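[1] coordinates only, sequence not included:
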C-alpha cells in the first residue's frame, strides 16, 4: 500500500512542480500510516478502522502503526525536509489526507482527532497552508489550517 500511495502523491506533486517550473524533491517518512497488517479493507470497514485509529492514537488498532508514532514520524520528516529549504522559500508537501490530518493536529496542539480530517468525497483532494514556526510552537489557529479544495486552487508562477 505504501508504494501505491507514494506513487499517487508523487504524481500529484510532480504535476504541481511541473506547473510551477520547479524540481520535485521526495522526502522519506511522509507516507501514510502503516496498515500492512490488514491489507485491503472494504471501504465501510476501512472507515470504521480509520475512525478507531484516530480515536485511539496510543493503540495499534488491528496491527496498524499507532497514530502517535505516525504523527511523530511525519513531523520529523517535515522538519527535516524544511531544513533543506533556504529561509523564506516556500515548500509544498503532497501526501495522503491522514498525513495532513496528523500534521494539522500537531501544528494546532490538538489531540489526534479525525474531526481535523479533510472532507469526504472532494474529488481532487485538499490542501492547507501552515507556518513552519508552528512545528515547534504548536500554536496554529485550527481555523487558519482549513482544508481548501485543490480543484479550486489557482497556481501562480
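    Sure, I can see it. This structure is a prediction, so every number in the text was calculated from the model and none was measured.
[2] Tell me where this structure has helices.
    For the chain, the helices defined by DSSP state H cover 2-20, 43-55, 67-82, 97-107, 134-137.
[3] Relative to residue 30, which of those is closest?
    When the helices of the chain are compared by CB to CB, helix 67-82 sits nearest residue 30, at 4.9 Å. Heads up, the C-betas are built off the backbone N, CA and C, glycines and all.
[4] Can you list the neighbours in contact with the worst-scoring helix or strand of the chain on mean pLDDT?
    The helix or strand of the chain with the poorest confidence is helix 2-20; it has a mean of 73 (mean pLDDT, DSSP states H and E). Contact with helix 2-20 is made by 23-24, 26, 30-32, 34, 36, 92-96, 125, 155, 157, as judged by CB atoms under 8 Å, 6 or more residues apart in numbering.
[5] Now do it against helix 97-107: the angle between them, please.
    Angle, helix 2-20 to helix 97-107, by axes from the mean of the first three to the mean of the last three CA atoms, to 10 degrees: 80 degrees.
[6] picking that back up, from the helices of the chain, which stretch is densest packed?
    Highest mean neighbour count among the helices of the chain (mean count of other CB atoms under 10 Å): helix 97-107, with a mean of 23.
[7] and it with helix 67-82, angle?
    Using the same axes, to 10 degrees: helix 97-107 against helix 67-82 is 80 degrees.
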